[in-house]
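> Any chance you can model this:
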Amino acid sequence: MTDRLRLFVACAPGLEDLLAQELDELGVEECAVTQGGVSCFGDRDAIYRINLGSALGLRVLVRMADFLVRDFAKLERVTKALEWERWLIRGPSGQLSVRVRAHAKRSRLYHTKAIVERIERSIARRLKGEVRVRADVGKGPGGGELGDEGVEPTLVQVRIMRDRCTISVDTTGRLLHKRGWRQQTAKAPLREDIAQALLRVTGWQPGMALFDPVAGAGTTIIEAATIAAGLPPGASRAFSCMRQPRFDAARFNAIRDELSRGAQPVASLLGCDRDAGAVEAAQANAARSGAGSLAQFIQRSVGDKQLPELVGDGVALVANPPWGLRTGDPSRLRNLYASLGKLALQLPRPTRVGLVTSEAALAGATKLGLERQLTTEQGGVKIGIWTGVIE
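From the prediction side, this is the model:
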């Protein structure tokens, strides 16, 4: 019998509606937008499909329990009854390991450390002590990229809001935006999931020329190149679900092949940067992505008079220029944004424009009449995606 699982796909704030559209395109059932992500239903195939195919999500969680709780005795009793043996990962030595992350608000059970301790104890009792509990720390064993023996402990998330407790287990491991190819970075790079959001709201499609005049490490151009190459976002990386019990390698590989659609129409995907080191980093990242042949990076300043040749059915200019908070003084960046606006006006019409910035005044400095489409966060900074069309 096929399991019907309740799932939650987490994403960056502000990207929930875009993520719901993407999950619908992936054939995921009963998607409902909620704060911080999208809830949905599916079987293990859906877990594989979302991990492999979602470019906007961050983590795929299985909802194991959802119940009302006002005392620790019930919390332990319900937790102990859950089938942890179905989800926890074993390392090469056979040792199970888990890390628990808790959040509580407006509830009788509010002390997160005590909640974590009760959950850990209940899991250990269920598995008769055959589990190693790791601290949920930011880096290193138990909470970072890897745990003991190169295997990251299974993450269990506990959320108690107004006395309603939700317990979830992670199937992703490293966050989904970490595709594996960006090993070299430039100054303040755009995260991969936000680059995908930029492409979507700008209206870029395969076959359309894409131009990033301040490409940095090349994130947006490379994300577009993988789309044009027909490569799923998670095609080159591993996930926690691949080490969990009942993992079906044949189904996983079949879904990965199904999501690999083949190359799309050829068009220019050009990234430029005035810094030679950034161009080299972008080229190296593109080569690791598997779509390096479709992405081009050259050294060029925004103000250079000679325009690059762009081939495609329409043109989109996308940019993640310095915001001012981390990479410069906003008052000194207006000239750069004004130059980006002048550059966009010189491109073939119609030109779609997409811009990421934290300052409305900087978006306005382009004088392109850009409108904010959404607000999200990166590195604790609220940023907007601004778009427009030059007819």
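> Check the average confidence over stretch 289-299, would you?
What stretch 289-299 shows for mean pLDDT is 96.
> then that stretch to CSV, C-alphas only?
Extracted C-alpha coordinates of stretch 289-299, given in CSV (Å, rounded to 0.1, in the frame of the first residue of the first chain):
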residue,chain,number,x,y,z
SER,A,289,26.8,22.9,-12.8
GLY,A,290,26.7,20.7,-15.9
ALA,A,291,25.4,23.5,-18.1
GLY,A,292,28.6,25.4,-18.5
SER,A,293,28.4,25.2,-22.3
LEU,A,294,25.3,27.4,-22.3
ALA,A,295,26.6,30.1,-20.0
GLN,A,296,29.0,32.8,-21.1
PHE,A,297,30.9,35.1,-18.8
ILE,A,298,33.1,38.1,-19.8
GLN,A,299,34.9,41.0,-18.2
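> Give the buried residues for it.
Applying a neighbour-count criterion of 16 or more other Cβ atoms under 10 Å, the buried positions in stretch 289-299 are 289-292, 294-297. Bear in mind the C-beta positions are built from the backbone N, C-alpha and C, glycine included.
> What average pLDDT does the longest strand along the chain get?
In the chain, assigned by DSSP state E, the strand with the most residues is strand 57-68. Regarding strand 57-68, the rounded mean pLDDT is 98.
> Strand partners (parallel or antiparallel) of it?
strand 5-11 (antiparallel), strand 164-170 (antiparallel) (DSSP bridges).
> name the helices or strands packed onto the helix or strand just after the first one?
Read it as strand 5-11. Once the chain leaves strand 5-11, the next helix or strand it forms, by DSSP states H and E, is helix 16-25. Helix 16-25 sits against strand 5-11, strand 29-34, strand 37-42, strand 57-68, helix 192-202, with contacts defined as 3 or more Cβ pairs under 8 Å, 6 or more residues apart in numbering; DSSP states H and E.
> residues contacting Val318?
The contact partners of Val318, by Cβ atoms under 8 Å, 6 or more residues apart in numbering, come to 198-199, 202, 204, 210-212, 220, 353-355.
> Kindly report the same for Ala316.
Contacts of Ala316 (Cβ under 8 Å, 6+ apart): 202-204, 208-211, 351-354.
> which of the residues in stretch 175-183 are buried?
Neighbour-count burial for stretch 175-183 [16+ other Cβ under 10 Å]: 176-179, 181-182.
> What pairs with the least confident helix or strand in the chain by mean pLDDT, parallel or antiparallel?
In the chain, the helix or strand scored least confidently by mean pLDDT, DSSP states H and E is strand 132-134, which has a mean of 82. Its sheet considered, strand 132-134 pairs with strand 96-105 (parallel) by DSSP bridges.
> from the middle of its chain, how far away would whichever helix or strand comes after the partner strand be?
Using DSSP H and E, the helix or strand that follows strand 96-105 in sequence is helix 112-126. Remark: helix 112-126 is offset 29 Å from the chain centroid, using Cα atoms, centre = their mean, to the nearest Å.
> Okay, now the unreliable bits of the stretch 101-250 of the chain?
137-150 (pLDDT under 70).
> one more time with 90
128-153, 183-189 (pLDDT under 90).
> circling back: and among the helices and strands packed on helix 16-25, the most buried is which?
helix 192-202 (a mean of 24; mean count of other Cβ atoms under 10 Å).
> In contact with Gln264: list those residues for me.
206-207, 227-230.
> so how far is Arg200 from it?
15 Å (Cβ to Cβ, to the nearest Å).
> One more: Arg261?
17 Å.
> what does Gly129 give?
For Gly129 relative to Arg200 (Cβ to Cβ), the value is 48 Å.
> tell me which element the residue of the chain positioned farthest from its centre is part of?
Distance from the C-alpha centroid of the chain peaks at Ala73, with 36.8 Å (Cα atoms, centre = their mean). Following DSSP H and E, one finds Ala73 within helix 72-81.
> Which helix or strand lies directly C-terminal to that helix?
strand 89-90.
> which strands and helices sit next to that following strand?
Packing partners of strand 89-90 (3+ Cβ pairs under 8 Å, 6+ apart): strand 96-105.
> Now do the contacts for the residue nearest to Arg164 when sequence neighbours are not counted.
Closest residue to Arg164 apart from its sequence neighbours, by Cβ to Cβ, 6 or more residues apart in numbering: Leu68 at 5.7 Å. By Cβ under 8 Å, 6+ apart, the residues touching Leu68 are 163-165.
> what pLDDT, on average, does the top helix by length along the chain get?
Counting residues, the longest helix found in the chain (DSSP state H) is helix 330-346. For helix 330-346, mean pLDDT rounds to 91.
> ok, residues contacting it?
Identification of contacts with helix 330-346 by Cβ under 8 Å, 6+ apart yields 213-214, 302-303, 307, 317, 319, 321-324, 351, 353, 355, 357, 359, 361-363, 365-368, 390.
> before we move on, back to that, among the contacts of Gln264, the buried ones, what's the PyMOL command?
Per 16+ other Cβ under 10 Å, the buried members of these correspond to this PyMOL selection:
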select buried, resi 206+227+228+229
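> In helices, which of the contacts of Gln264 fall?
227-228.
> Could you dump the contacts of Gln264 into CSV with distance to Leu343 added?
Listed next are the contacts of Gln264 as CSV, based on distance: Cβ to Cβ, whole Å:
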residue, distance to Leu343
Pro206, 23
Gly207, 22
Ile227, 24
Ala228, 23
Ala229, 27
Gly230, 30
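> Going by neighbour count, which residues in stretch 373-381 are buried?
Across stretch 373-381, burial judged by 16+ other Cβ under 10 Å covers 373-374, 376, 378.
> mind exporting it as PDB, just the C-alpha atoms?
This file holds the C-alpha atoms of stretch 373-381, laid out as PDB (Å, rounded to 0.1, in the frame of the first residue of the first chain):
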ATOM      1  CA  GLN A 373       6.900  42.300  -7.100                       C
ATOM      2  CA  LEU A 374       7.800  40.700  -3.800                       C
ATOM      3  CA  THR A 375       9.800  41.100  -0.700                       C
ATOM      4  CA  THR A 376      12.000  38.400   0.700                       C
ATOM      5  CA  GLU A 377      15.100  38.000   2.900                       C
ATOM      6  CA  GLN A 378      18.700  37.000   2.400                       C
ATOM      7  CA  GLY A 379      21.300  37.100   5.200                       C
ATOM      8  CA  GLY A 380      18.800  38.700   7.500                       C
ATOM      9  CA  VAL A 381      18.300  41.700   5.100                       C
END
